[in-house]
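1. model this:
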Amino acid sequence: MFWIGFGDIHENVERLSLIKDLDKASGVLISGDLTNGNVKKAEEIIKFLKQKNQNIYAQIGNMDTKDVELFLEKEGINVNFKLISLTEDVFLFGAGYSTPTPFNTPSEVSEDFLKQKLYEKIEEIKKVKNLIFMTHTPPYNTETDKLLSGEHVGSLVIRNFIEEVQPQVVLTGHIHESQGVDKIGRSIIINPGTLKNGYVIIKWENNNLVPELIKL
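-> Numbers count the residues shown, from 1 in each chain. Now for the predicted structure:
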């Protein structure tokens, strides 16, 4: 049993065909930035994926508009700030949008807003043993939130949440140039970069979630 995770598609539908075994996966996890604001492209992406796999779990990133989120909700695949049961043993919690950027993109929120939404369900989330936390914004001060300059631009709220909850796997994105893997306590943090650069396979093996970065 395994799931395929990626994000930062940015309307590049053609790249989806490079992902192997979409039809064999237990589900597809999309961490955000399906589009550059065009809801028609979101529809095209989900249509393509549904031809391969009906189990899609998605959320918007900072580049996606409210219309994109409404579309995901209408499709019944929106997981933004929702705790979802993938199997009897494995759960998914999503956190879309992003913290503020210099570019004034459509779906940016404050750290305070993120904290409020994350902690609404924290007691329920803490009871979950095998958790995939899918956050568009990476945690602060990791190998997954670095600009080319070396500056860390992730979220401190996201980091604190991970430290407290300790999900087994954290699938993130947003910072295109920061493809990589890191750890916070027991949590494995993985950013595949844009879909131009890679995706993640998360396997369920021996009652553990085991992520692997696949580079394109």
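2. so residue 69, which state does it fall into?
-> helix (DSSP: H, G, I helix; E, B strand; the rest coil).
3. give the contact list for it.
-> Under the criterion of CB atoms under 8 Å, 6 or more residues apart in numbering, the neighbours of residue 69 are 59, 60, 78, 80, 96, 107. The C-beta positions use only the backbone N, C-alpha and C, and glycine is treated the same way.
4. check residue 125 too.
-> Neighbours of residue 125 in contact, by CB under 8 Å, 6+ apart: 83, 93, 131, 165.
5. give me phi/psi at residue 211?
-> Reported as degrees, to the nearest 10, the phi and psi values for residue 211 are phi -90, psi 150.
6. er, residue 51 actually
-> Dihedral angles (degrees, to the nearest 10) for residue 51: phi -70, psi -20.
7. how close does it get to residue 4?
-> The gap separating residue 51 from residue 4 is 15 Å, by CB to CB, to the nearest Å.
8. who's more crowded, the two?
-> Taking other CB atoms under 10 Å, residue 51 and residue 4 do not tie; residue 4 has more neighbours (23 against 10).
9. quick one: list the elements packing against the helix or strand where that one lies.
-> If you go by DSSP states H and E, residue 4 is part of strand 2-6. Counting contacts by 3 or more CB pairs under 8 Å, 6 or more residues apart in numbering; DSSP states H and E, strand 2-6 is packed against strand 27-30, strand 130-135, strand 198-205.
10. list of residues touching the second one?
-> The list of residues contacting strand 130-135 from outside it, by CB under 8 Å, 6+ apart, reads 3, 5, 29, 31, 57, 59, 79, 86, 89-95, 125, 155, 158, 161-162, 165, 167-172, 187, 202, 204, 207-209.
11. ditto for the shortest one
-> In this structure, residues lying in contact with strand 27-30 by CB under 8 Å, 6+ apart are 3-7, 9, 22, 49, 52-53, 55-59, 86, 92, 132, 134, 171, 202.
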